[in-house]
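> Sequence unavailable; structure follows:
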DNA sequence: TTGACAAACAAAACCGATTTCAATATAAGC
DNA sequence: GCTTATATTGAAATCGGTTTTGTTTGTCAA
């Protein structure tokens, strides 16, 4: 703490100027091999670690990035962050992590704090702030990449999943199995990703000439609790659906639970499809048919965009990745009775 | 980036010295109310954010902490980090997050990088390095708190779950239900938490006069995959157990899957108890009886220890929290046939 | 009128590094 | 032998703040 050794301590011990020490530790060719060797040895002995904060002040790069997420405990986000951290660490960057708790005010505060810390770049995962970032970012001119965000628009860099295509596939899968009454359990109404996934669902019905029934659409909250409530409403219908496509795996988890609570079986009585392919989707009972989202890769891709920007790239990058349907046990043809 | 406004820009605009600006922004009483007001107004207008890195250099405190975890995507750890981040953020601290991937070398590197960044404190979650920290920490004199670590010993601050007591409760629960053949699925052999949980299991058997059968102990890897393999081995026994206590929920998840793969039912054919009470434990089928570990609170407790240390406290703190048995659907009396 | 004291601000030192510029010594070229 | 290039190092400026020390001005009591 107070007794941190500095470059000057090393300089004194080596009887050279501190500039020489600096050069020696950077393997600069401007120091003789011998002195460099000697200095490095002394530094090692004393356990000297150059201060990144002092270095950052003069080099004007902190080699840090800020990552703002809604909740790190969200398994989807945790995987994304894993991908980010891996690439960042490999390139000598440290990552600041902050939760926004889906609170726009807090999110803005967090970004400001990142600004004060002079991060070299910012990554935003699954925020609902979206376009609100516009003024913030222009104000502080820090490269920023949004991952699966609300309305990333064209104004910033982004990594997004192709929602419409993926949910079209998911719904098509159910239709091909023979389902006619396919329900949709969404996230909160109005969120872009929900709107897009809903659009894919509608499109699949349209293509297959299956009528869209408004009563088969229910909105949850993107979490298990909401999925459960939404499913309960669907099950209370006079004629419940024979299949349901859920906004994400968490919602599907809730749906599975609601179905089981009613004493029905998946997939015999009702088929369920999720979205994300969280780890848990392989361990539910029955295992969950879902759309795989390459979460880790989305994280690393975002970080790699940042790295390119640090290296001077200045083109707008908007990556759209494809989901992949993973068929497991939770989907089957409807009962012949229907 | 290059055109970041500094305190001097504000000073120039306000026609005062930059020291006055500094004081004004700190609400120092050494500036007249008027000038302070004026300066703050100008700073706001220009969107000025003081550089935390420059400030850190002179104040010798970065208001950052480093958190090293094995894998942020581990749900247990994610919850702990959530607790940490919350408290940290509330007190103006930013958190650096780094994965060690359970690789001691990488872990040491990460800690060194934290050292260079001059973090005010370090939090280590679920590391296996344990006592290896001793030299590292004395070398750099940064307050450190270990959370559920290997051998935290008495030499540093720590927050730990009371493993023996909790697993004693878990096992007792099974015994009270009438089980005599209670198995234990552990983590990798030799890890402290595994040893401790195993000890609680042994103790429960001993207290209830249930004979300990070595063949009913299997080791996994703390993950679902390992739990599945271990359970498969137990199921292959001539006389399989009627109940199994798992090292953690992930292992239990694997066990559930293995049991289902064999066509057996939980809890009718075999009871399963986990450990952690991950979110998912409420959503498995059947829902999982487990030991609740207050993960968030453990994270916040650790951060609060750090805060106390920052405020000059210097006593060794070793918090031991209690787990709580949560009975759900995965446990029931054994079939009367046995 | 003058000295003491406080209020308000400016000037300068400092934190720990990097980097530019200057200085010295040695080697090379003629 | 003298100039010039080269290698090696030191001195000093700088990054953007905080904090200590100085300076100016004004108020008030003696």
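Perfect, thanks for sending it. All values derive from a computational prediction rather than experimental measurement.

> what about the stretch 101-250 of chain A, any weak spots by pLDDT?
Along the stretch 101-250 of chain A, segments meeting pLDDT under 70 span A:129-131, A:151-155.

> cutoff 50 now
Within the stretch 101-250 of chain A, no stretch falls below the threshold (pLDDT under 50).

> State the number of residues packed around whichever residue of the stretch 101-250 of chain A sits closest to DNA strand C.
Proximity of the stretch 101-250 of chain A to DNA strand C (C-beta to the nearest atom of the strand) peaks at residue A:118, 13.0 Å away. No exception for glycine: its C-beta is placed from N, CA and C like everyone else's. Residues contacting residue A:118 under the criterion other C-beta atoms under 10 Å in any protein chain shown number 23.

> Surely it and residue A:59 touch.
No: in this structure, residue A:118 is not within contact of residue A:59 by C-beta atoms under 8 Å, at 10.8 Å.

> Which residues are in contact with residue A:161?
If you count contacts by C-beta atoms under 8 Å, 6 or more residues apart in numbering or on different chains, residue A:161 has them with A:148, A:293, A:298, A:320, A:321, A:322, A:323.

> For residue A:325, name its beta-bridge partners.
Bridge pairing for residue A:325 (DSSP bridges) gives the partners residue A:291.

> Would you mind checking the contacts of residue A:161 for buried ones?
A:148, A:293, A:298, A:321, A:323 (16 or more other C-beta atoms under 10 Å in any protein chain shown).

> give me the element residue A:58 is part of.
helix A:52-59 (DSSP states H and E).

> whoops, residue A:149 was the one
Per DSSP H and E, there is no helix or strand for residue A:149.

> ok, it - how many residues close by?
Count around residue A:149 with other C-beta under 10 Å applied: 23.

> Likewise for residue A:327?
Count around residue A:327 with other C-beta under 10 Å applied: 12.

> Distance of it relative to chain B?
Applying C-beta to the nearest C-beta, to the nearest Å, the value for residue A:327 to chain B is 18 Å.

> Skipping its backbone neighbours, what lies nearest that residue in space?
residue A:289 (5.1 Å; C-beta to C-beta, 6 or more residues apart in numbering or on different chains).

> Now do the same for that neighbour: its pLDDT.
If you check residue A:289, the pLDDT there is 98.

> mind putting the buried ones among the contacts of residue A:161 in CSV, distance to DNA strand D and secondary structure included?
Converted to CSV, the buried ones among the contacts of residue A:161 look like this (distance: C-beta to the nearest atom of the strand, whole Å; DSSP: H, G, I helix; E, B strand; the rest coil):
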residue, distance to DNA strand D, secondary structure
A:148, 33, coil
A:293, 40, coil
A:298, 34, helix
A:321, 38, strand
A:323, 44, coil
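
> if we take these, which one ends up nearest to residue B:334?
Nearest to residue B:334 among these: residue A:293, at 41.7 Å, using C-beta to C-beta.

> residue boundaries of the strands in chain A?
A:64-69, A:94-99, A:121-125, A:144-147, A:157-161, A:182-186, A:217-219, A:243-246, A:271-273, A:290-292, A:318-321, A:324-326 (DSSP state E).

> Quick one: closest of those to residue A:237.
Closest among the strands of chain A, using C-beta to C-beta: strand A:182-186, at 8.9 Å.

> Who does that closest one pair with, and is each partner parallel or antiparallel?
Assessed with DSSP bridges, strand A:182-186 is paired to strand A:217-219 (parallel), strand A:243-246 (parallel).

> For the first one, which outside residues touch it?
For strand A:217-219, contacts defined as C-beta under 8 Å, 6+ apart pick out A:183-189, A:194, A:198, A:226, A:230-231, A:233-234.

> With neighbour count added, can I get the residues you listed in TSV?
Output for these, formatted as TSV (neighbours: other C-beta atoms under 10 Å in any protein chain shown):
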residue	neighbour count
A:183	28
A:184	26
A:185	30
A:186	27
A:187	26
A:188	13
A:189	10
A:194	20
A:198	22
A:226	22
A:230	26
A:231	30
A:233	16
A:234	23
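
> Distance to DNA strand C added to those, as a markdown table?
What follows is these, written out as a markdown table (distance: C-beta to the nearest atom of the strand, whole Å):
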| residue | distance to DNA strand C |
| --- | --- |
| A:183 | 60 |
| A:184 | 56 |
| A:185 | 55 |
| A:186 | 52 |
| A:187 | 47 |
| A:188 | 48 |
| A:189 | 52 |
| A:194 | 48 |
| A:198 | 52 |
| A:226 | 51 |
| A:230 | 56 |
| A:231 | 58 |
| A:233 | 61 |
| A:234 | 62 |
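
> ok, those residues vs residue A:258, which is closest?
Using C-beta to C-beta, these come closest to residue A:258 at residue A:231, 3.7 Å.

> how close does that closest one get to residue A:213?
16 Å (C-beta to C-beta, to the nearest Å).

> winner for burial among the strands paired with strand A:182-186?
Across these, averaging neighbours per residue (mean count of other C-beta atoms under 10 Å in any protein chain shown) puts strand A:243-246 on top, at a mean of 32.

> if we can go back for a sec, dump the residue contacts of the residue of the stretch 101-250 of chain A closest to DNA strand C.
Taking C-beta under 8 Å, 6+ apart, one finds A:56, A:62, A:64, B:4, B:51, B:52, B:53 in contact with residue A:118.

> Selecting buried members of those in ChimeraX, what would you type?
Written as a ChimeraX command, the selection of buried residues from the contacts of residue A:118, which uses 16+ other C-beta under 10 Å, is:
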select /A:56,62,64 /B:51,52,53
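
> Residue A:141 touches residue B:3, doesn't it?
Yes: contact status for residue A:141 versus residue B:3: in contact at 7.3 Å, counting by C-beta under 8 Å.

> okay, these two: which has more neighbours?
The neighbour comparison of residue A:141 against residue B:3 (other C-beta under 10 Å) goes to residue A:141, with 12 against 5.

> tell me the helices in the stretch 101-250 of chain A, going along the chain?
For the stretch 101-250 of chain A, the helices defined by DSSP state H, counting those that start in this stretch occupy A:104-116, A:133-140, A:163-176, A:192-207, A:224-235, A:249-261.

> Make CSV out of those helices and add distance to chain B.
Putting the helices of the stretch 101-250 of chain A into CSV (distance: least, C-beta to the nearest C-beta, whole Å) gives the following:
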stretch, distance to chain B
helix A:104-116, 5
helix A:133-140, 5
helix A:163-176, 20
helix A:192-207, 21
helix A:224-235, 6
helix A:249-261, 5
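
> right, so those: which one is the most enclosed?
Comparing the helices of the stretch 101-250 of chain A by mean count of other C-beta under 10 Å gives helix A:249-261 as most buried, with a mean of 26.

> near DNA strand C, which residues of the stretch 1-150 of chain A show up?
Counting by C-beta under 7 Å from any atom of the strand, the residues of the stretch 1-150 of chain A close to DNA strand C are A:4, A:6-8, A:18-19, A:22-23, A:25-26, A:49-51, A:54-55, A:57-59.

> and among the strands of chain A, the most buried is which?
strand A:243-246 (a mean of 32).

> So which residues make contact with it?
Outside strand A:243-246, the residues that reach it (C-beta under 8 Å, 6+ apart) are A:167, A:170-171, A:174, A:177, A:179, A:181-185, A:201, A:220, A:227, A:231, A:234, A:252, A:255, A:270-275, A:331, A:334.

> What residues does the closest residue to residue A:296 other than its chain neighbours make contact with?
Spatial nearest neighbour of residue A:296, excluding adjacent residues (C-beta to C-beta, 6+ apart): residue A:83 at 3.8 Å. Residue A:83 makes contacts with A:295, A:296, A:297, A:298, A:299, A:300, A:301, A:302, A:303, as judged by C-beta under 8 Å, 6+ apart.

> From residue A:302, how far off is the nearest residue to the fourth one once chain neighbours are set aside?
Spelled out, that is residue A:298. Setting aside the residues directly before and after it, residue A:298 is nearest to residue A:159 in space (C-beta to C-beta, 6+ apart), at 5.0 Å. In this structure, residue A:159 and residue A:302 are 5 Å apart, going by C-beta to C-beta.

> All set now, cheers.
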